[in-house]
Every structure is written in C-alpha cells, then in structure tokens.
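Chemist: Sequence and predicted structure, then a few things I'm wondering about:
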Amino acid sequence: MANTKSAEKAARQSTKHRARNDAMTSKLRTAIRKATLAIKAGQQAEALAALEAAVPVIDGMVNKGIIHRNKAARHKSRLTRQVRALAK
C-alpha cells in the first residue's frame, strides 16, 4: 500500500504502463507467430508478407522500449533467414 501521494501516483502509472506493455508484447508475439507459422507451413508468399508486416512491429517495440534492439535484430535475422531458405 502506498504511503504518500507520489507513491500512489507511481502505483497508478505502473498499472497503466504494465497494461500497455503487455498489449504491445502480445502484438509483437502475434506478428512473429504469424510469420513462423507461414514458414512452417512452407507458404513462401505468405511468409514473406508476414515478415514484411512483422519487421515494422518489431522495430516499433524497440522504439517504445518494450524489447532490446539486439533482441529485435535477432528476431528479424532469424525470420529473414528462414523465409529465404523457403525459396531454395
């Protein structure tokens, strides 16, 4: 329980921030999942479209501070490599 006005406000803010961060993380996971499922299904066109849709979402999460830039780079790199492997 918060003891001061500022602690009460911080508690309110952290609740709002957590809700927003959870929503953003869910959006990120959904974008990555769509690309991954298309890759596993072997659908090259759909995988490429899903990758193109996921990259801006991933970059946006970095700018919002939801994930670290290295994690974003890792996701983009792995997805891109998997999509390119479908073409071979």
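Modeler: Done, it's in.
Chemist: List the buried residues in the helix or strand containing residue 80.
Modeler: Assigned by DSSP states H and E, residue 80 belongs to helix 69-87. Neighbour counts using 16 or more other Cβ atoms under 10 Å place 72, 75, 76, 79, 82, 83 of helix 69-87 among the buried residues. Yep, even glycine has a C-beta here, placed from its N, CA and C like the rest.
Chemist: Show the contacting residues for residue 9.
Modeler: Contact analysis of residue 9 by Cβ atoms under 8 Å, 6 or more residues apart in numbering lists nothing.
Chemist: That one: which element?
Modeler: Here residue 9 sits within helix 5-41, counting by DSSP H and E.
Chemist: so what does the helix holding residue 80 touch, helix or strand wise?
Modeler: Packing partners of helix 69-87 (3 or more Cβ pairs under 8 Å, 6 or more residues apart in numbering; DSSP states H and E): helix 5-41, helix 44-64.
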